[in-house]
Every structure is written in structure tokens, then in C-alpha cells.
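# Build me a model from this:
(chains A and B, ligands or ions: 1)
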Amino acid sequence: MLSKNLFQAVMTVTLLSLVACGQQTSMSGAGVLGSDAASAVYVAPGEYDEFYAFFSGGFSGQLAVYGLPSGRLFKVIPVFAVDAEKGYGFNEETKPLLNTSFGFIPWDDAHHPELSQTNGETDGRWIFINGNNTPRVARVDLSTFETVEIIEIPNSGGNHSSPFTTENTEYVVAGTRFGVPYPQQDVAIDSYAENFKGMLTFIKVDPETGEMSIAFQVLLPAFDYDLAHSGKGKSHGWTFFTSYNTEQQSTLLEVNASKNDKDFIAAVNWKEAERYLAEGKGHDMPSEYMHNIYSDRTHMATSHTRNSVKVLIPSECPGLVYFLPTPKSPHGVDVDPTGEYIVGNGKLSADLTVHSFTRMQEAIEASAFETEIEGIPVLKYEDVVGGVVEKAGLGPLHTEFDAKGNAYTTFFISSEVVKWKVGSWEVIDRAPTYYSVGHLMIPGGDSRNPEGKYLVALNKITKDRYLPTGPELCQSAQLFDISGEKMKLLSDFPTVGEPHYGQGISASRINSRKIFLIEENEHPYAAKGEKDARVERDGDIVHVYMTTIRSHFAPDNIEGIKVGDKVYFHVTNLEQDFDVPHGFAVMGATNAELLIMPGQTETLLWEPKKEGVFPFYCTDFCSALHQEMQGYVRVSSRSSNIALKWGLGDLPM
Amino acid sequence: MQTSRILMIGAAVLLLTLFIFPLWQITLIAPQYPDGVVLKIWIDKIGGNEPGTLQNINILNHYVGMKPIEPESIPELSYLKYIVIVMATLGLLAAWINRKMVILGWAVLLLALGVLGMYDFYLWEYDYGHNLDPNAPIKIEGQAYQPPLIGQKTLLNFLAKSYPHLGGMAMFTSMILAFLAYWIKNKTKDYETANTSNAMPVADGMLAQAQAD
Ligand SMILES: [Cu+2]
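Numbers count the residues shown, from 1 in each chain, chains lettered A, B, ... in the order given. This is a model prediction of the structure:
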């Protein structure tokens, strides 16, 4: 007996050291990867990457645009957070985008970018992203790579299971992560079970303009709705939301919400919802929220207050929602490209549960329900499960798919990506991540047509992976080649903020515009030529209609401004050439600069507090005479009677 | 129908393509302009490969003190189209008459107009290239910015290429066709008097078809 134990102990040590060795070699980086990995990610100077990749910035509130396979960063698109560099949220035109029913909010936590789809395929028109903290969904236009719309989600708290699209972008969704009182009101927190609810929101997307509107909300028990994905192909018409805290606890959730052996995936039949709405089953519920939309014609955003939503109550709408029991607080829910399999990534489990859409429908047909919660039928686990990937790793979070019937799942605790076969549920390969991977992304990997030969693991922790930068370290993206049987690590690179989810798309599917046509500029304060440049006073409000063209402002000398005025510099960039933005900065401005694209008009509010003569200048190196692109504004005392006067060169204007 | 008559109809119709295609194209190439800045000259307008081309060229030119190109102040752009219409009509008339000397006359007239046009173009280029604003931000002693009449030339940081576009080539081809028609006519015996009456309806049909195309 003793000898047998000893043998086991020796074997264990040997195995462990083997594992350790294996880790050691793959961690030593380039030496082992060799030059073929280097050439696989090398995009020669002047050449283009094959894919665009979009990674959310998490708590930076932004969306970063990279190229794959190079990992080069192209742009950080400000979405939910102000960005002084671009004047976003500082200039008068973009401020309305950040309005909410709580007022102007300059920050949010952006998690899940989601590309628009047509016939289940990414179409390169828009990318949506959720704001978690003050529930919102934004739309970024992929012809301009700018945020063009933000809609607030009422009756929600923590917009996490969002904005996953349906296969023709009929809807993007917004499920609440936190149960909140419904309607929002002053109640005791421990009245959670009685007063709190969980709302799932379906946002209609206009197929032509992309404009969003809240179509309806579904009132559910106050579970924490964590992530979502919509059905595709045969399961088109359904959206699946994972939940945890089915215990409905409001305190010490790490213990109290981890008690139930199984939580639920909520399957919502939105085609049924449309039918019930048509039948008039939607309750008009007063709910205040903001809808902000930006126009590329007026170059400005406008905010609209909305006051009501349609709410569907499942007990009144049989067949609208079913619960699928899923082990251990499932995090991501991912639907395979055929639409048959619904993967529940039970984050406190070592196994992956995969539900079968066909079996789910059969169980619904047979009305084989385990029980009912608030009028929502709970299906039996053994009736809906299609397969289990056993002992795949520890802490599964998210799954994406390739075009060859394989799935790839991230395991946060065991810090790895595991490749497995859909249908046979066998593990094919595993690769370590550095460290603690959250989401992963394969271009098209959550659509009907994965494009991927690449997989990107989005890591939460980097520890010793890069040169240290003080206590705060970067997060990272780790690029794998998945064209072969084995995943091959190619490179890793730091990301902007914390990347949660990502999206990837063939560069050829995106149509990026070069300029805005000046004759299409409908900004009410545009000066579409130097002859329109002028200064107008209305009480203590002064409007400066200013133009820029290489290499001067018109006007560039302004007098007659007084302390205490509100001066609006409306700057129109007359350039019609690719990549010739001009900047505008004026001394003492308490907001930021303007960065104006060709054909665009942007407005900076300047409130002079002191008398004097203050310079302004172009901040974006535009031309050989960029340094000369400057001017002065004279500020006189409140009581002075110096006339308003402006000019350029020897031309009084 | 007689070859010379077909050639002359072709020559006249080819001239009408000047209403579609530019006469000439000047391309400026520099590292910051990977697609080139392409200036196109039609018989009645000046433009480029993008809506902003003219403005972009004028912005570049103002650094060295060149005058802005303003199509409305170039009179040729307002009357060249009438000359083309007249020449096309005369060409068809020559085809109808189909006499050796008439054809030669038309060809020589077209050649003369072409040479005159090139000379006029040269004068404009010379004026733009040499008549510089003394207050220009960038002044280089002895440097002129006249683009080549035809061919290529380096002007500061730009390589300027000046070549005929489709319209210019069509005009040149038209001239060749007319001289060819004369040459054929000259080689064969003059018996058009016998043919004129029965050949005309065919020629009319051809013409109608060519214009429909
Ligand atoms: Cu500038």
C-alpha cells in the first residue's frame, strides 16, 4: 500500500514537472515561436492588414480599432467617455450624445462590441456597444468610425447582456445585470425578492439608417442577466440570456448567489413577442430615457427625451420565455454557426453544458416542464441538454466558433483556450493564455459564417508579460493562428483599457469614407466659404463663423469681445482633401480643442475671464505653414465700447 | 460604301467624344499623394479625379504663388465646344461631298486647330508657371512651375506628368482618319460623281446609328 502511494506521488511530481516544462517553453516567446510566427504577423510597411479588429475599452469607455494579424492600433473611437483629443463630449456638437435621464455623463464602462449582420454575416455597416454603468447602447458608423447614436435603457441596472444582434440586425438586445426595483422607487434593499425585477430590452434597428428605438421590454424575475446571443439559422427568432443569482440575493453575492446548482438560460422568442405586441399585449409603462442621435449632414447630435416603453409580461404571453437549467452560474451563452447548439459557459464549473435547440423545441412541444417561475416554464435539464464537454478546464467564460465545426472556449481560472469539436464534444487542443483570459474573438466567430483563421484571446491580467509601467499594467490581446489542427500562438500586444469582447471583420467589407462634402454640410453655423466668415453678437453671446484652409483661419483677428461673453467658435474646415483635418485651440479655454475633419463644422464655447489679447492656433500639423496658422482675439472690459471687428490679412471682412 | 466616306464619318463622329472624355490630363505625384492629384481638362470644364481636386491643386499652388485655376475665367472653356460642333458638322459635310480636296481641307483645318490649341495650352501653362505672386510663402530663385506640354518633369516635390486623355487621343485619331481618307481618295480614281446619289441613304443610316451609339 505504502509503495503504491509512493509510486503515485512520484508519478504526480513527474507529471507536474512535465506540465511545468511545457508551460516554460511556450512562455519563452520568440525563441520558440521562431521566425515563421514573426512573418505570420508581419505586415510590410505600406501594406494593409487583412482584418479589422474592434476591442472594447472596458472602463475606458472607448472602442479601439486594430489591424490583424499585425496588432497595430489605428484608432480609439470615443463612445461613452469624453475624449479631449478629438473634442468628443467637449465640443457643442457631440455633448448631446452623452445626455441621459441623469444629465450629462462623461464616462461609462463599455463591454461588448457587436457588428451589424445581414443574413447572419457581418456586413461592416455599424458596430454596436453597450454602456454598462448607466445602461446605454451606442452605434458607431463604420463609414466614419464615429459614434453616431446612443440610446439609454430604462428599467435596467448594469447593461451587461448587451448588445448582441439578431442575424439581420432586426434587434440588438439589452438585458439588465442587476435586479432593480420596478418601477424604480425608494424601497428597502432586503425587499429584493418582492420589489425587484430583471428587464430584457429589445432595441429595433432601422435597416436603412441604423437608427435605434426600444421596441419592447420583457419583465422577468430579478435574476442577474449576464450575457446573451441571438439564435441563427434554425434558431433565428430566439435570443438567449444567461442568468446567475437565481437565488435573488442582494448581499454577499459571491457566497449567496453561488448556492444553486443550476441557474438558467432564458430563451426569449422575439417573433412571439412581435405577435403579442400586435395583439396589444404590451403595457405602456412610463419610463424616462434619452435618445441621442448624430447627423453627418448637420455634423451635430440632438437629444430627445422618451417617456414610455412597451412591456410584455411572460405570464400573459405563453410561449414568450422559457428557462433552460444550466449548471453553475453560466457566464457567456454562445450559439454555434448552425444555430442548433447553445453553449452555456458555467463559470464555476469544469464542464461546458451545450443545449440542443431541437431538443428544446421538442420539450416545449411536449410541455415537459419541471416547474414554473412567475409564469415562465422551466424546461428539464435532461430534456434540453445536447452534450457536455467534460473536464475541459476550469472556469469557462466564452465560446466562439470557426467554419470547420470547432468551438473555442476560454477558461479564466485555468487561464487557457480550449478547442473542442461541436457534436462529439471531445477536446482537441488547449493553449495557455497570459493571463486569465476573458472573452475571445474569431472574426465572424459569433455569426453564421466565421471568417476566422485567427483567434484573439483577450486577457485580463498581464503581470510580468511586458516592461512594467508602475502598479497599473496593461491588459492584452493574444493572437493565435487557428487554421491548423493545433492553435499556434503568433503574438500578443497591449490593448487600450480593458478589452472585454471583440469583433473582427475582413477589411474588404468596410467602406471608410475620406471626407465630408462641403456642399452637403447642413450645420446651422457653417461658413461654407471665406466670404461667409463673420462675427455676430447677440447680447453677451458671440458667434464666430470661422473657416480653415491651408494655412490660415478666416477671420484670424477678432476685436470687440468682452469679458463675460460666451463666444462660440463655429469652425468649418473648407478642405476637401483626404487626411487634412485642422485643429482649433484658444488660450484659456476650459474645455478642449476642436479637431475638424474636411467639410465638417465644430463648435467650441469660450468664456473669456480676463482682458487681453489671446492667441488661437491650429493644433493638427496640417501643412508646411502649419506653424503660421494662428490668430488673435482681443478681449476688452465689460464696459468697453470697442466695436466688433474682424479680418484676415489686408481684407477687412 | 466608299472607304474614304466611312473614314470621314468616323473622323467626324470621333470628335464628338470630346463632349464625354477629357482632352488632357496632368497628374502630380508626391509621397503624400499616393493616388496622385489628377487634373483633367475637358473642352468645357476643368476638374479632377475627386470633387475637391481643383481646390486641392489651388491650395498646393498658393504656397509658391501660382494663381488659382478658375475655370470661369478661362474663355476657351466657353467656346471650344462650338468649334468642335462646327468641325464635326464640316466633317460630315466633307464625307457627303467626298471629294479629295475637301477632305484634305478639313484635315488640314483640324491639324491647324490642334496646333493652335497646343500653343494656347502652352501659353496658359507658361502664365501659371511664371506669373508668380511676389508675396508667395515659398520663393525659390529661378524656379518656374510650368508643367510640361507633353511628357513629365519634376517641379519641386512633385513629379508632373502631362499627357492627352481619351478626348485628345480621339481628336488625334480623327485627324489620322481624315488624312487616311485623303490618301485613299488620292490613290483611287475620282469616280464619286457616279456614286453620290445611291450611296447617300446608306451614309445617312450609318450616321444615325453612330450618333445613337
Ligand atoms: Cu491647420
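# which stretch of helix or strand covers the residue most central in space within chain A?
By Cα atoms, centre = their mean, the mean C-alpha position of chain A lies nearest to residue A:129, the distance being 2.8 Å. Using DSSP states H and E, residue A:129 maps to strand A:121-131.
# Just list the residues touching the residue nearest to the centre of chain A, thanks.
If you count contacts by Cβ atoms under 8 Å, 6 or more residues apart in numbering or on different chains, residue A:129 has them with A:56, A:63, A:79-80, A:110-114, A:137-138, A:140, A:163. Glycine gets a C-beta too; all of them are placed from N, C-alpha and C.
# Quick one: mean pLDDT for the strand holding residue A:129?
Strand A:121-131 shows a mean pLDDT of 98.
# ok, so what distance separates the residue nearest to the centre of chain A from residue A:154?
19 Å (Cβ to Cβ, to the nearest Å).
# now do residue A:510
In terms of Cβ to Cβ, residue A:510 sits 33 Å off from residue A:154.
# Same check on residue B:161?
On the measure of Cβ to Cβ, residue B:161 and residue A:154 end up 61 Å apart.
# now residue A:428
For residue A:428 relative to residue A:154 (Cβ to Cβ), the value is 45 Å.
# can you give me the helices for chain B?
All helices of chain B, identified by DSSP state H, fall at B:3-16, B:53-63, B:76-97, B:100-130, B:166-187, B:192-212.
# buried set for the shortest one?
What it means is helix B:53-63. B:53-57, B:59-63 (16 or more other Cβ atoms under 10 Å in any protein chain shown).
# Pick the one among these closest to residue A:462.
The closest of those to residue A:462 turns out to be residue B:56 (Cβ to Cβ; 44.9 Å).
# From the buried residues of helix B:53-63, pick the one nearest residue A:519.
Closest to residue A:519, out of all of the buried residues of helix B:53-63 and judged by Cβ to Cβ, is residue B:55, at 11.8 Å.
# hmm, back to that, which one of the helices of chain B lies closest to residue A:406?
helix B:53-63 (50.2 Å).
# What helices and strands are in contact with the closest one?
Contacts defined by 3 or more Cβ pairs under 8 Å, 6 or more residues apart in numbering or on different chains; DSSP states H and E place helix B:53-63 against strand B:33-41, strand B:46-48.
# what sits up against that helix?
A:549-550, A:574-577, A:624-625, B:28, B:37-39, B:46-48, B:50, B:67-69, B:71, B:128, B:136-138, B:145, B:158.
# Counting neighbours, what do you get for the residue in chain B that chain A sits nearest to?
Here chain B gets closest to chain A at one residue, residue B:52, 2.6 Å apart by Cβ to the nearest Cβ. For residue B:52, the count of nearby residues is 23 (other Cβ atoms under 10 Å in any protein chain shown).
# Where does pLDDT dip in chain A?
For chain A, applying pLDDT under 70 flags the ranges A:1-35, A:651-653.
# Against residue A:467, how distant is the residue nearest to the centre of chain A?
Per Cβ to Cβ, residue A:129 is found 30 Å from residue A:467.
# Likewise for residue A:54?
With Cβ to Cβ as the criterion, residue A:54 and residue A:467 are 26 Å apart.
# do the same with residue B:178
Counting by Cβ to Cβ, the gap from residue B:178 to residue A:467 is 76 Å.
# can you check residue A:498 too?
On the measure of Cβ to Cβ, residue A:498 and residue A:467 end up 19 Å apart.
# likewise residue B:14?
Taking Cβ to Cβ, one finds residue B:14 at 68 Å from residue A:467.
# Fine by me, we can end here.
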